[in-house]
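> Coordinates for the following, if possible.
(one chain, ligands or ions: 2)
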Amino acid sequence: MSAIDPQASTKPMIAIDNISKWYGPVQVLNGCTTQVTKGEVVVVCGPSGSGKSTLIKTVNALEPIQKGAITVDGIGVQAKGTNLPKLRARVGMVFQHFELFPHLSIIDNLMLGQCKVLGRAKDDAHDRGLKLLGRVGLSAHSHKYPGQLSGGQQQRVAIARALSMNPIVMLFDEPTSALDPEMVGEVLDVMIELAREGMTMMVVTHEMGFARKVANRVVFMDRGEIVEDATKDDFFDKPRSERAQTFLSKIL
Ligand code: ADP
Ligand code: MG
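Numbering: from 1, shown residues only. Ligands and ions are numbered 1, 2, ... in the order given. You can find the predicted model right below:
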């Protein structure tokens, strides 16, 4: 490939191509196809059990698929020979539960992956960690332990930790749904800023205010299928399917 690629800006950062997945006999993803281009923010929504978490986990191979293909930045996620730890390092993931290491200080949580996976020197990892803590408004908390922080603060640390690996895309799975209501805003604000800085993001959330503010597209799932994949305005203003209409009428 030449150094200057005229298609670079339109190439998908994430390409999900007709994927299906079963848990034993139960099919949970059925022929799902969608793409996320560089700098795009795609919100994934749909009823509980529709396959949102499963779909997003397939992107960094936390869940295997039985049919179809997924590429991240052109790298086949299931392809033989793909270095999964390396791929996962480039795909930041933030879950509903923050999953920080409870026995490590905040700064150590931020340094661990940088040192172990990326091989960064401690000083470098420490500096980058502190900068990221500043970015999520938590500079003063670097030596505390996760248990000393509120849920909203811990989730902001989890976002900073994912960013410390210099991801090319960020995946979020209901990052605010385990939080007390008064802490949702501070986490969404960090995500909104990230979106505005041009991060490529795939976000499972029911926060439709967030979707309206920063999403480019909305993917609506039901029973393992992508039922709608529309621009934000089309999805909210004229959802095509009855299933999406029903879903929206319940949550808006
Ligand atoms: P959502 O995130 O939209 O709520 P999930 O992706 O978590 O949906 O789940 C999709 C379906 O897969 C559900 O029917 C769920 O019960 C099932 N499922 C999820 N994880 C497992 C698992 N580890 N084993 C068996 N079934 C699972
Ligand atoms: Mg889920």
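> what secondary structure does Val28 sit in?
At Val28 the chain is in strand, as set by DSSP: H, G, I helix; E, B strand; the rest coil.
> Let me know whether it touches Thr54 as I believe.
Yes: contact criterion Cβ atoms under 8 Å: Val28 and Thr54 qualify, at 5.3 Å. Using the backbone N, CA and C atoms, a C-beta is placed for each residue, glycine as well.
> what's the overlap in contacts for the two?
Contact criterion Cβ atoms under 8 Å, 6 or more residues apart in numbering; residues shared by Val28 and Thr54: Lys21.
> The two: who's more crowded?
Neighbour totals were compared for Val28 and Thr54, and Thr54 leads with 21 against 17 (other Cβ atoms under 10 Å).
> Next, the contact list for that one, please.
21, 28-29, 63.
> what secondary structure does it sit in?
helix.
> now swap in Phe101 and tell me
Local secondary structure at Phe101 is given as coil here, using three-state DSSP.
> what about it, how many residues close to it?
Count around Phe101 with other Cβ under 10 Å applied: 12.
> Give me the distance between it and Val136.
Between Phe101 and Val136 the computed distance is 17 Å (Cβ to Cβ, to the nearest Å).
> same check, this time on Val77
Distance from Val77 to Val136, by Cβ to Cβ: 28 Å.
> Looking from ligand 2, tell me which residue of the chain is nearest.
Residue nearest to ligand 2 within the chain: Ser53 (3.2 Å; Cβ to the ion).
> Output the helix or strand of the chain with the lowest mean pLDDT as PDB, restricted to C-alpha atoms.
In the chain, no helix or strand scores lower on mean pLDDT, DSSP states H and E than helix 84-90, which sits at a mean of 87. Extracted in PDB, the C-alpha atoms of helix 84-90 (Å, rounded to 0.1, in the frame of the first residue of the first chain):
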ATOM      1  CA  LEU A  84      -5.000 -10.300  20.200                       C
ATOM      2  CA  PRO A  85      -3.300  -8.700  23.200                       C
ATOM      3  CA  LYS A  86      -1.900  -6.100  20.800                       C
ATOM      4  CA  LEU A  87      -5.200  -5.500  19.100                       C
ATOM      5  CA  ARG A  88      -7.000  -5.300  22.400                       C
ATOM      6  CA  ALA A  89      -4.500  -2.700  23.600                       C
ATOM      7  CA  ARG A  90      -5.600  -0.500  20.600                       C
END
